[in-house]
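Asker: Okay, here's the prediction I keep looking at, along with the sequence it came from:
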Amino acid sequence: MKRLRQILGMIRFSHTIFALPFALLAAVMAWLIKDRTGATTAFRLQDFLGILLCMVTARSAAMAFNRLVDHAIDADNPRTSIRHLPQGLLSRRFVLGFTLVMSLGFVASTLLFFPNPLPLYLSVPVLLFLLIYSYTKRFTMWAHFYLGAALMLTPICAWIAVRGQTVLVAPLDLLPACLLGVSILLWVGGFDIIYACQDVEFDRQARLHSIPARLGVGWSLRVAALSHLGMLLVLMLLPWSETLGGPPVGLGWIYHLGILAVAVLLLYEHWLVRPDDLSRVNLAFFRVNAVVSIGLFLIVTLDLLLN
């Protein structure tokens with residue numbers, strides 16, 4: 001049990017709450033939204049289990065790999081020096097083995113979606129895309145949005161897993177999941193910029209790339225605010241999917257009320273963090289964003305069920 005707690009702490013398992021609701025939301029949308037012929041996709045328990053397993057294993061592999069790649073950096077950074085690898089609580093060999101097991105588990109989990117072969121075909125490219133994130137801070141200040149792009153795959157992959165080869169016949173069928181994915185990219189990019197403001201001086205000294213290290217805290221918070229504004233604008237496009245060429249989504253006043261609530265939460269998040277006071281970054285990062293992800297899942301699901 002002690003080793004299990006150490007593993008869960010290393011991969012920040014509790015942070016799964018940021019991405020998992022969006023995967024489940026995309027699956028719910030894929031099950032409930034009619035395609036161009038007016039038909040819906042049948043619910044299969046194995047698809048639901050496959051989405052859960054793929055989310056947990058892919059995220060665990062990516063987080064463990066990140067800890068492995070950033071071992072030396074984490075050891076030098078006072079904020080991260082208490083993590084498991086720098087403290088010697090877990091060995092590099094163990095973490096490498098855990099990464100490999102989770103990676104194989106991710107690929108194996110895609111077999112649950114058969115006879116839909118697309119998740120299996122896409123599993124290795126998707127996994128490689130997730131793992132590459134760990135190196136981005138070494139060469140680009142846009143690493144925050146690469147992380148957002150990695151999480152953007154969550155609803156898109158879930159939609160493909162549920163709808164299957166429909167997306168090959170009618171690519172625009174994927175539009176609702178893509179809009180949701182772009183909103184996640186902007187949302188994650190924005191709050192990761194806020195989180196990175198804590199390490200602005202260390203990143204500069206270590207010659208690591210980030211928007212705060214390049215622009216400073218004040219301008220970075222403005223970029224984060226613009227990113228979150230973009231998220232809200234993209235979410236407002238979701239009910240217009242049919243007009244844009246995709247399937248009819250059928251979202252109504254409940255959804256729009258939910259977007260207003262998300263806007264209020266994001267305003268609160270930016271009110272919490274100021275250039276001269278970063279003491280409440282963790283409050284903004286964890287609590288507010290958890291409410292946003294879970295809240296959107298509940299609101300959209302409720303709206304779809306009632307329409």
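Answerer: Alright, I've got the coordinates.
Asker: Neighbours of Ala290, how many?
Answerer: Residues lying near Ala290 (other CB atoms under 10 Å) number 15. All C-beta atoms are positioned from the backbone trio N, CA, C, and that covers glycine.
Asker: isn't it right up against Leu20?
Answerer: No. Using CB atoms under 8 Å, Ala290 is not in contact with Leu20, being 10.8 Å away.
Asker: List the residues that contact Phe106.
Answerer: Counting by CB atoms under 8 Å, 6 or more residues apart in numbering, Phe106 touches 53-54, 57-58, 61, 123, 127.
Asker: ditto for Ala177
Answerer: By CB under 8 Å, 6+ apart, the neighbours of Ala177 are 26, 29-30, 155-156, 158-160.
Asker: and if you look at Phe113?
Answerer: Taking CB under 8 Å, 6+ apart, one finds 46-47, 50, 119-120, 161, 164 in contact with Phe113.
Asker: again, only this time at 6 Å
Answerer: 50, 119, 161 (CB atoms under 6 Å, 6 or more residues apart in numbering).
Asker: could you dump the residues you listed to a markdown table with pLDDT, neighbour count and distance to Leu238?
Answerer: Listed next are the contacts of Phe113 as a markdown table, based on pLDDT from 0 to 100; neighbours: other CB atoms under 10 Å; distance: CB to CB, whole Å:
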| residue | pLDDT | neighbour count | distance to Leu238 |
| --- | --- | --- | --- |
| Gly50 | 95 | 23 | 24 |
| Pro119 | 95 | 25 | 24 |
| Ala161 | 94 | 24 | 20 |
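Asker: In helices only, show me these.
Answerer: If you go by DSSP state H, the contacts of Phe113 have 50, 119, 161 in helices.
Asker: now these as CSV including distance to Leu233?
Answerer: CSV is the format used below for the ones in helices among the contacts of Phe113 (distance: CB to CB, whole Å):
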residue, distance to Leu233
Gly50, 32
Pro119, 30
Ala161, 28
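Asker: Which single one of those is nearest to Leu267?
Answerer: When these are ranked by distance to Leu267 (CB to CB), Ala161 comes first, at 34.4 Å.
Asker: Wait, the closest one touches Leu118, no?
Answerer: No. Counting by CB atoms under 6 Å, Ala161 stays clear of Leu118, with 7.6 Å between them.
Asker: helix or strand for the spatially most central residue of the chain, which one?
Answerer: The centre of the chain sits closest to Leu151, judged by CA atoms, centre = their mean, with a distance of 3.1 Å. Leu151 belongs to helix 143-163 when assigned by DSSP states H and E.
Asker: Need the residues that contact the helix or strand just after that helix.
Answerer: From helix 143-163 onward toward the C-terminus, using DSSP H and E, the following helix or strand is helix 166-169. Contact with helix 166-169 is made by 160, 173-174, as judged by CB under 6 Å, 6+ apart.
Asker: Same question for stretch 232-245.
Answerer: Stretch 232-245 is contacted from outside by 172, 175-176, 179, 182-183, 248-249, 251, 259, 263, using CB under 6 Å, 6+ apart.
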